[in-house]
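Asks: my questions concern the predicted model and sequence given below.
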Amino acid sequence: MMDAALKDFKRFTPKTLPKMEAIAQGHRACQGCGEVLALRMALKAIGKNMIVASATGCMEIITSPYPQTAWQVPWIHVAFENAAAVASGIEAARKVLMRKRRIPRQRTTIVAMAGDGGTADIGLQALSGALERGHDFVYICLDNEAYMNTGIQRSSCTPYGAMTTTSPPGKMSIGQHTWKKNVPAIAAAHGIPYVATASPAYYTDLMNKAKKAAMIKGPAYLHLYSPCPTGWRHAGDLAIEISRLAVKTKVFPLYEVVDGRYILTRKIKKPKPVKEYLKLQGRFRHLDEETIEEIQQRVDREYEALVRKAALAEAE
């Protein structure tokens, strides 16, 4: 279980952050991209002893323009839908090779990574299968809340009311008309050892969660908030401010699920109104006050439900 796996865990502090970089400078991300920032933090925490299976998406495109690569660790580009399946295959193959003494017996962190589309939609079946089978790997969902690489189409992680190219607002529509899918809860429902949400605005929290995910044995799921200036229609220098507001407004709570127990890692006692978060992003500029209040009430209800889960876990 988690307690045994983390007996040697030492938390990162601002003074002890690792210097290793899995992604080299000079990649081609958009100016102000919060996704590559979140990914860089997670991989620094995991360390260089890793193999990465990367689904088609923004991070694949910006790090591997032929004939160049920004990757400084073993990395394989896989199809949009099967990052988890390929990672589980890598993990299983390594077990066989070590058993046959073809490679040294050592633990290498297998990382699967995809965006919210490649995780919550087209990749959900492969992810669920890998979690259910109990493969020893870390799955990272880089959640920028739409299919950004192919033209800002809506995904099941696109928030209610958001404007995308396939959920445009108009006389008969407010934009995205469904509520965001709770993928961390779906992952936790598989009974895996570790699930966590994290934001690049709280970098030590993110990096410590990534380190924990790599240290535990069995499947671990990380859901990383990933601001997208291009798709969200915000200024390139606002990624961290928006990331922080997402937490302070309770839109994106920070928590862990450890062996099924919910733990809030940042409690919001004096939340800011959701309106402050929405107004910085052009994708929400069409929303009226009534819709904003509806979103506020939904955010409040979901956060209170999370608080109750954490309180129940503390009481056990």
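Replies: Cool, got the structure. All values reported here derive from a predicted model rather than from experimental measurement.
Asks: what's the longest helix seen in the chain packed up against?
Replies: Criterion DSSP state H: the longest helix present in the chain is helix 289-315. In terms of contacts (3 or more C-beta pairs under 8 Å, 6 or more residues apart in numbering; DSSP states H and E), helix 289-315 is packed against strand 261-264, helix 274-278. In this view, the C-beta of every residue, glycine as well, is placed from N, C-alpha and C.
Asks: so which bits of that helix are buried?
Replies: Buried residues in helix 289-315, defined by neighbour count with 16 or more other C-beta atoms under 10 Å: 291-292, 295-296, 298-299, 302-303, 306-307, 309-310, 313.
Asks: same question for stretch 36-52.
Replies: 36-46, 50-52.
Asks: nearest to Ser226 among those?
Replies: Ala38 (5.1 Å; C-beta to C-beta).
Asks: right, and that closest one touches Pro200 too?
Replies: Yes: using C-beta atoms under 8 Å, Ala38 is in contact with Pro200, at 4.4 Å.
Asks: what touches both of the two?
Replies: Leu206, Leu224, Tyr225, Ser226 (C-beta atoms under 8 Å, 6 or more residues apart in numbering).
Asks: columns secondary structure, neighbour count and pLDDT on top of the residues you listed, output as JSON lines?
Replies: Formatted as JSON lines, the shared contacts of Ala38 and Pro200 follow (DSSP: H, G, I helix; E, B strand; the rest coil; neighbours: other C-beta atoms under 10 Å; pLDDT from 0 to 100):
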{"residue": "Leu206", "secondary structure": "helix", "neighbour count": "27", "pLDDT": "98"}
{"residue": "Leu224", "secondary structure": "strand", "neighbour count": "25", "pLDDT": "98"}
{"residue": "Tyr225", "secondary structure": "strand", "neighbour count": "27", "pLDDT": "98"}
{"residue": "Ser226", "secondary structure": "coil", "neighbour count": "26", "pLDDT": "98"}
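Asks: tell me where the model's unsure across this structure.
Replies: Within the chain, the stretches with pLDDT under 70 are 1-3.
Asks: so which residues of the stretch 151-300 of the chain form helices?
Replies: For the stretch 151-300 of the chain, the helices defined by DSSP state H, counting those that start in this stretch cover 183-188, 203-215, 229-232, 239-248, 274-278, 289-315.
Asks: tell me which other helices or strands the fourth one touches.
Replies: Which is helix 239-248. Secondary structure elements in contact with helix 239-248, counted by 3+ C-beta pairs under 8 Å, 6+ apart, are helix 34-46, helix 274-278.
Asks: can you check the fifth one too?
Replies: Helix 274-278 is packed against helix 239-248, helix 289-315, with contacts defined by 3+ C-beta pairs under 8 Å, 6+ apart.
Asks: enumerate the positions of stretch 259-267 that are buried.
Replies: In stretch 259-267, counting by 16+ other C-beta under 10 Å, buried: Tyr262, Leu264, Thr265.
Asks: thank you, goodbye.
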